[in-house]
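>>> task: produce atomic coordinates for the following.
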Amino acid sequence: MTDINHTQYFEVHTDQEVRVNDVLERVYDALTQKGYNPVSQIVGYVMSGDPTYITSHMGARSLIMKVERDEIVEELLRTYIDTRLARD
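I've put the predicted structure just below:
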């Protein structure tokens, strides 16, 4: 019998972690292929959380929902700072 006074831990190990920058690149490509403005659509999704801002073309909608919106903002801000504000 299991001791009910101890916390059980459960870890899920995925074969491949979803990388935010890969998700953004694939979503950007899908939105562009469908003729949408990818910046406006991604901003709409990040601000509202409404996945209908993202096309289902190429599985982009289900893919973007695999990462948290705050992770998307962090990645975008990190990339902006690294490319535009970083000092040598």
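>>> how about E75: what's its closest non-neighbour residue?
V20 (4.1 Å; CB to CB, 6 or more residues apart in numbering). (C-beta placed from N, C-alpha, C; glycine too.)
>>> now do the SS call for the residue nearest to the spatial centre of the chain.
Centroid-nearest residue in the chain, with CA atoms, centre = their mean: V67, separated by 3.7 Å. Assigned with DSSP: H, G, I helix; E, B strand; the rest coil, V67 falls in the coil class.
>>> and the gap between S48 and N5?
S48 sits 44 Å away from N5, going by CB to CB, to the nearest Å.
>>> and if you look at V20?
Separation of V20 from N5 (CB to CB) stands at 39 Å.
>>> between those two, which one's more packed in?
Ranked by neighbour count (other CB atoms under 10 Å), V20 and N5 place V20 first, with 20 against 5.
>>> give me phi/psi at H6?
With angles defined as degrees, to the nearest 10, H6 sits at phi -110, psi 140.
>>> the helices in this protein, which residues?
Secondary structure of the chain by DSSP state H: the helices cover 20-33, 38-48, 60-64, 69-80.
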